[in-house]
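>>> Need a 3D model of the following:
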Amino acid sequence: MSPTALPTIDVSSFATGAPPTPVQDATAAELDRICREIGFFLVTGHGVEAEVKAAMMAAMRRFFALPAEEKQRIAIGNSPCHRGYVAIAEEILDDAHETAGDLKESIDTGGEHGPDHPEVRAGVPMFGPNQFPADPGFRAAWEAYREQAIEAARRVQRAMARALGMPDEFLLDRPGGEVMYHLRHLHYPPQDTVAPGPNQLGCGAHTDYGTVTLLADDGVGGLQVMRRDGAWIEVAVPEDRLVVNIGDLMAIWTNDRWVSNPHRVINPPHTDRYSMPLFVTPPFHAEISCLETCLQPGETPRYQSQRAGAYLVGRLDATHSYRNPLLAG
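Next up is the predicted model:
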């Protein structure tokens, strides 16, 4: 499968504090067209500096090279708020659960407007302290990368809001709490070291859960996206760009004007793959229902209203073995 270049959008005009400019309308119109047609695109002008990304990648490589028992010291099962290390095959992202556990390992981190939540909040199970590797350089790299990645996400969300005919800050200023930003650090070992079973992938075919996802990777390849016609394409990601895709809650908000695409990852044959998706979810208690701007005359909403946090927790319960004993066997 030859790599395919996704369309690219420059989101620099939607930077925090940027003045209004005519280019914003053109950018939003192009984003709307792309989201209607494929739902995956690349962004430039995102504000993530090359050296900040490189430092985070280096810290990830150091952690994932540690012995298994060292990594298990921050196992996600120790966390009340889904933060920590997930070992190989402990997650099944395939939506139909027709494959074995994913051939990847990860560190899941959260922290919304601040770098961390020191305490679990009653009624908000996704809030609480992170579990970090002992390496102090990891935390420093994480804080720097996370800050810039969230700014990139804000630029994309402003462009999306404009494209949907809403105020630019609409997606960033919802009642129900703080926008949730969950950053994952992923390692996909080479195929020749993990010996995939039948239909076993690095990451099974799935759709993302929230509003939008922004992904940085190491350029090795392996990300595959299903087009609207059902064909799979492999995505080529230039070093200076981020991949953006729509999540399920955005499909609900837009009444399928923008549909979330299934995607998957194939482990490279002879090299490791590293990536960093930032998952953006509306505030935990936010109600997600069809926007009036996405409802054509005579149409009715296709989905019932959802509470963002309950939807997110339900999807996590269905994919992680530590949360779902039926997946462990």
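
>>> right, and residue 227 touches residue 38 too?
Yes - taking contacts as C-beta atoms under 8 Å, residue 227 lies within contact range of residue 38: 6.3 Å. Using the backbone N, CA and C atoms, a C-beta is placed for each residue, glycine as well.

>>> which residues do these two both contact?
residue 261 (C-beta atoms under 8 Å, 6 or more residues apart in numbering).

>>> Among those two, which residue is more densely surrounded?
residue 38 (19 against 15; other C-beta atoms under 10 Å).

>>> So the more buried one sits against residue 261, correct?
Yes - using C-beta under 8 Å, residue 38 is in contact with residue 261, at 6.8 Å.

>>> tell me, what's touching those two both at once?
In contact with both residue 38 and residue 261: 225, 227, 228, using C-beta under 8 Å, 6+ apart.

>>> So, low pLDDT: which residues of the stretch 151-300 of the chain?
Applying pLDDT under 70 to the stretch 151-300 of the chain picks out no residues at all.

>>> So which of the shared contacts of residue 38 and residue 261 belong to strands?
residue 225 (DSSP state E).

>>> between the shared contacts of residue 38 and residue 261, which is closest to residue 152?
Among those, residue 225 lies closest to residue 152 (C-beta to C-beta), at 19.6 Å.

>>> from what I can see the closest one touches residue 236, true?
No - using C-beta under 8 Å, residue 225 is not in contact with residue 236, being 11.1 Å away.

>>> in the lengthiest helix in the chain, what's buried?
Longest helix in the chain, counting residues (DSSP state H): helix 136-163. For helix 136-163, burial by neighbour count (16 or more other C-beta atoms under 10 Å) applies to 138-139, 141-142, 144-146, 148-150, 152-163.

>>> which residues are common contacts for residue 225 and residue 236?
Common neighbours of residue 225 and residue 236 (C-beta under 8 Å, 6+ apart) are residue 6.

>>> Compare these two and say which is more crowded by neighbours.
Between residue 225 and residue 236, counted using other C-beta under 10 Å, the more crowded position is residue 225 (20 against 15).

>>> contacting residues for that one?
Residue 225 neighbours (C-beta under 8 Å, 6+ apart): 6, 38, 40, 232, 233, 235, 245, 261, 262, 263.

>>> swap the cut-off to 10 Å and go again
4, 6, 38-40, 231-235, 243, 245, 261-264 (C-beta atoms under 10 Å, 6 or more residues apart in numbering).

>>> beta partners for it?
residue 233, residue 263 (DSSP bridges).

>>> wait, isn't residue 276 in contact with residue 237?
No - look at residue 276 against residue 237 with C-beta atoms under 10 Å: they stay out of range, at 11.9 Å.

>>> Have a look at these two and say which one is more surrounded.
A count of neighbours by other C-beta under 10 Å puts residue 276 above the other of residue 276 and residue 237, at 25 against 21.

>>> What sits closest to that one if chain neighbours are left out?
Nearest-residue entry for residue 276: residue 216, 4.7 Å, with adjacent residues in sequence omitted and distances by C-beta to C-beta, 6 or more residues apart in numbering.

>>> Distance check, the one you found against residue 302.
As judged by C-beta to C-beta, to the nearest Å, residue 216 and residue 302 stand 32 Å apart.

>>> neighbour count winner among these two?
Neighbours per residue, other C-beta under 10 Å: of residue 216 and residue 302, the larger number sits with residue 216, 24 against 12.

>>> Quick one: residues contacting that one.
46, 48, 52-53, 56-57, 145, 149, 152, 237, 239, 241-243, 274-278.

>>> Shouldn't it be within a helix?
No - with DSSP: H, G, I helix; E, B strand; the rest coil as the criterion, residue 216 is strand rather than part of a helix.

>>> how near is it to residue 259?
Relative to residue 259, and taking C-beta to C-beta, residue 216 is found at 24 Å.

>>> sorry, back to before: overlap of the contact sets of residue 276 and residue 237?
Joint contacts of residue 276 and residue 237 (C-beta under 10 Å, 6+ apart) are 215, 216, 217, 218.

>>> which among those gets closest to residue 194?
Using C-beta to C-beta, these come closest to residue 194 at residue 218, 17.5 Å.

>>> so how many other residues sit close to that closest one?
20.

>>> Identify the residues contacting it.
53-54, 57, 60-61, 188, 237, 239, 271-276.

>>> So which of those wins on neighbours?
Neighbour max across the contacts of residue 218 (other C-beta under 10 Å) = residue 188, 29 neighbours.

>>> For that residue, list each beta-bridge partner.
residue 273.

>>> pretty sure it is in contact with residue 269, am I right?
No - when contacts are counted by C-beta under 10 Å, residue 188 is not listed as touching residue 269 (11.3 Å).

>>> Show me the common contact partners of these two, please.
Counting by C-beta under 10 Å, 6+ apart, the residues touching both residue 188 and residue 269 are residue 222.

>>> my guess is residue 142 meets residue 56, correct?
Yes - with contact defined as C-beta under 10 Å, residue 142 and residue 56 form a contacting pair (6.7 Å).

>>> any common contacting residues for these two?
In contact with both residue 142 and residue 56: 183, 185, 276, using C-beta under 10 Å, 6+ apart.

>>> what's the following helix or strand after the helix or strand containing the last one?
Under the criterion DSSP states H and E, the helix or strand holding residue 276 is strand 273-281. In the C-terminal direction, the helix or strand that comes right after strand 273-281 (DSSP H and E) is strand 287-288.
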